[in-house]
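S.K.: 3D model of this:
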Amino acid sequence: MNNNKLMIGDRLRACRKSMKLTQEELSTMLDVSVKHYSEVERGLAGLSVDNWIHVSEILNTSLDYLLKGVDMNTPMLLSNMFYNTDEKQQEILIKIIDLVKEYKK
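M.R.: You can find the predicted model right below:
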């Protein structure tokens, strides 16, 4: 079995659960059988391009994250953290980020 499909299924399952949706609810929204959707989460089947787009919209996440595990929203998140902050607050945020980076070393 393809390890990528397993990881995609794991991310899909985690996102679905974080949205408090059941497999039945999500499969209905995608107009696929519960069996097929279950197979997608287990890495045994795939979805059409249209359904991948639809599931990313339903789960409010990017296709980059679902398919590759890459969160493309991180730069936007950081940008939003700095929005409407004064220079002193920005300096503090940068120091906090630097501390976290040092801690991980």
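
S.K.: pLDDT of stretch 70-83, averaged?
M.R.: For stretch 70-83, mean pLDDT is 65.

S.K.: again with stretch 86-93
M.R.: 87.

S.K.: where does the prediction get shaky in this structure?
M.R.: Residues of the chain meeting the criterion pLDDT under 70: 1, 71-80, 104-105.

S.K.: the host helix or strand of Asp10 - contacts with which helices or strands?
M.R.: Following DSSP states H and E, one finds Asp10 within helix 3-18. Where contact means 3 or more C-beta pairs under 8 Å, 6 or more residues apart in numbering; DSSP states H and E, helix 3-18 is packed against helix 34-41. To be clear about C-beta, it is placed using only N, CA and C from the backbone, and glycine gets the same treatment.

S.K.: export the helix it packs on as CSV, just CAs?
M.R.: Provided in CSV are the C-alpha atoms of helix 34-41 (Å, rounded to 0.1, in the frame of the first residue of the first chain):
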residue,chain,number,x,y,z
VAL,A,34,-19.6,5.7,2.9
LYS,A,35,-17.7,2.6,1.9
HIS,A,36,-15.7,4.6,-0.7
TYR,A,37,-15.0,7.5,1.6
SER,A,38,-13.9,5.1,4.3
GLU,A,39,-11.5,3.5,1.8
VAL,A,40,-10.1,7.0,1.0
GLU,A,41,-9.3,7.6,4.7
